[in-house]
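Asks: curious how this folds, go ahead:
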Amino acid sequence: MRFDAAVLRSYESPFTVEEVVLAAGPADGEVLVRVAGCGMCRTDLAVRRSAGRSPLPAVLGHEGAGVVLETGGPDTGLNAGDHVVLSFDSCGRCRNCQGAAPAYCDSFAALNLFGGRKENAERFTDAAGGELAPRWFGQSSFAEYAMVPARNAVRVDPSLPIELLGPLGCGFLTGAGAVFHSFGAGPGESVAVFGAGAVGLAAVMAATAAGAVAVAVDRYPERLALAERLGAVPVHAEVDDLPGRIRKLTDGGARFALDTTGSARLINHALGALRPTGHLGLVARLHTALPLEVGALDRGRRISHICEGDAVPGLLIPRLVGLWRAGRFPFDELIRTYPLRAINEAERDCDAGRVVKPVLIPEGRG
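Replies: Residues are numbered from 1 along each chain as shown. Sure, this is the predicted structure:
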């Protein structure tokens with residue numbers, strides 16, 4: 001089959017929406033999905049800075065959602081017509097996958113970041129027959145269609161606005177999962193969130209839903225206003241004595257902090273804002289050594305990296321949908337839709353902070 005997809009051909013070039021070819025139907029354990037919408041995540045855009053580790057040309061996109069058109073084999077657990085949210089890939093066989101920790105799959109990097117599964121990779125080409133990298137995060141959903149392992153796909157109620165649900169598979173899952181799973185935050189506790197982007201605001205919504213006090217730190221007033229509307233106490237990142245301000249707001253220090261910025265300065269401020277035994281989680285990939293201030297980890301404070309919110313997508317995505325239906329996780333307020341052909345505009349708006357979560361809609365879908 002032939003369909004349109006956004007192809008990134010070099011690390012410096014814009015995306016080009018062009019015809020691509022899928023030479024065969026789904027193999028065992030796969031499903032073919034007509035994409036209704038796909039979120040744009042900063043992990044997609046970080047490919048430009050990956051120093052050649054992500055093979056190009058490639059079709060990116062890993063926050064897809066859509067409708068199953070065809071299934072491969074009898075054991076997918078899905079049927080044609082099912083509405084699904086697509087999440088990250090995992091092998092399903094290693095110790096961590098078997099232990100309900102698929103985000104720490106032994107093959108996570110190979111399956112998601114560096115080209116995807118190798119099986120049947122040659123069937124996906126451009127219109128001239130040129131090779132495209134194997135599936136990004138098991139889906140490559142900046143496209144009208146995506147071939148995905150059924151393990152990646154989470155069935156959802158067909159009455160839901162499927163075109164908006166894709167970010168529940170990564171960005172919103174990461175922020176909410178950090179609060180619900182990594183921290184286990186509950187009523188009366190406090191969560192300081194550094195960076196009020198998609199992941200950070202998802203953490204704010206989850207903290208509020210859990211009954212915790214949320215503090216949001218950012219440098220953009222419009223992001224702080226949005227965080228306040230979602231239930232957080234806003235604090236400007238440049239305020240004098242930022243850790244002291246947060247400690248005052250959280251009765252002696254936050255129980256948990258989540259950094260989404262990767263800034264060494266803010267990471268140290270986050271540690272300084274914690275109460276004794278507090279836990280700081282990092283979700284951004286660090287590209288340099290992280291200098292910690294003297295005493296930053298004293299008195300039982302700890303720091304860890306959190307991948308995909310420590311989530312099992314098949315469990316957390318339905319929970320987030322339920323919270324949204326109850327008015328307690330209004331993720332749709334963070335979304336702006338763009339037609340797939342406007343992908344470069346969406347990228348520019350994302351880089352400039354003009355949009356929290358762009359969602360690309362393939363042609364003919366709105």
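Asks: excluding its backbone neighbours, what's nearest residue 272?
Replies: residue 243 (3.3 Å; C-beta to C-beta, 6 or more residues apart in numbering). All C-beta atoms are positioned from the backbone trio N, CA, C, and that covers glycine.
Asks: could you do residue 311 as well?
Replies: The shortest distance from residue 311 to any non-neighbouring residue, by C-beta to C-beta, 6+ apart, is to residue 177 (3.8 Å).
Asks: and the spatially closest residue to residue 102 that is not a sequence neighbour, how many neighbours?
Replies: Distances taken as C-beta to C-beta, 6+ apart put residue 90 closest to residue 102, at 3.8 Å, once the chain neighbours are dropped. Counted with other C-beta atoms under 10 Å, residues neighbouring residue 90 total 26.
Asks: distance of residue 90 from residue 198?
Replies: Distance, residue 90 to residue 198, by C-beta to C-beta, to the nearest Å: 22 Å.
Asks: for residue 337, same thing?
Replies: 14 Å.
Asks: so which of the two has more stuff around it?
Replies: residue 198 (28 against 17).
Asks: please list all residues in contact with that one.
Replies: 39, 41, 167, 171-172, 175, 334, 356-357 (C-beta atoms under 8 Å, 6 or more residues apart in numbering).
Asks: just the helices in the stretch 251-366 of the chain please.
Replies: Ranges of helices in the stretch 251-366 of the chain, per DSSP state H, counting those that start in this stretch, are 264-273, 313-325, 343-351.
Asks: now do the same for the residue nearest to residue 102: its pLDDT.
Replies: Residue 90 carries a pLDDT score of 96 in this model.
Asks: the one 4 residues further on too?
Replies: If you check residue 94, the pLDDT there is 97.
Asks: right, and it touches residue 107 too?
Replies: Yes: assessed by C-beta atoms under 8 Å, residue 94 is found in contact with residue 107 at 6.9 Å.
Asks: now the helices for the stretch 101-250 of the chain?
Replies: Under DSSP H, counting those that start in this stretch, the stretch 101-250 of the chain gives helices at 108, 171-177, 198-209, 221-229, 242-249.
Asks: which other residues reach the second one?
Replies: Right, helix 171-177. In contact with helix 171-177 (C-beta under 8 Å, 6+ apart) are residues 39, 41, 63, 87, 193, 198-206, 258, 260, 283, 306, 308-311, 313, 316-317, 320, 329, 331, 357.
Asks: change it to 7 Å
Replies: Applying C-beta atoms under 7 Å, 6 or more residues apart in numbering, the contact partners of helix 171-177 are 39, 41, 63, 87, 198-203, 205-206, 283, 308-311, 313, 316-317, 320, 331, 357.
Asks: re the thing from before, can you lay out the helices of the stretch 101-250 of the chain as JSON lines showing distance to residue 324?
Replies: Output for the helices of the stretch 101-250 of the chain, formatted as JSON lines (distance: least, C-beta to C-beta, whole Å):
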{"stretch": "helix 108", "distance to residue 324": "27"}
{"stretch": "helix 171-177", "distance to residue 324": "10"}
{"stretch": "helix 198-209", "distance to residue 324": "9"}
{"stretch": "helix 221-229", "distance to residue 324": "16"}
{"stretch": "helix 242-249", "distance to residue 324": "27"}
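Asks: rebuild the ones you listed as CSV, extending it with distance to residue 69 and mean pLDDT.
Replies: Below are those laid out as CSV (distance: least, C-beta to C-beta, whole Å; pLDDT from 0 to 100):
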stretch, distance to residue 69, mean pLDDT
helix 108, 27, 94
helix 171-177, 24, 98
helix 198-209, 28, 98
helix 221-229, 36, 96
helix 242-249, 49, 97
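Asks: among those helices, which is nearest residue 352?
Replies: Among those, the nearest to residue 352 by C-beta to C-beta is helix 221-229 (11.9 Å).
Asks: please look at residue 164 and residue 36 and confirm they touch.
Replies: No: using C-beta atoms under 7 Å as the test, residue 164 is too far from residue 36 to be in contact (8.7 Å).
Asks: of these two, who's got more company?
Replies: Neighbour tally, residue 164 and residue 36, criterion other C-beta under 10 Å: the higher count belongs to residue 36, 24 against 20.
Asks: who's in contact with the more buried one?
Replies: 65-67, 162-163, 365.
Asks: secondary structure element holding it?
Replies: Assigned by DSSP states H and E, residue 36 belongs to strand 30-39.
Asks: what lies in contact with the next helix or strand after that strand?
Replies: The helix or strand immediately downstream of strand 30-39 is helix 42-45, counting by DSSP H and E. Here helix 42-45 makes contact (C-beta under 7 Å, 6+ apart) with 60-62, 347, 350.
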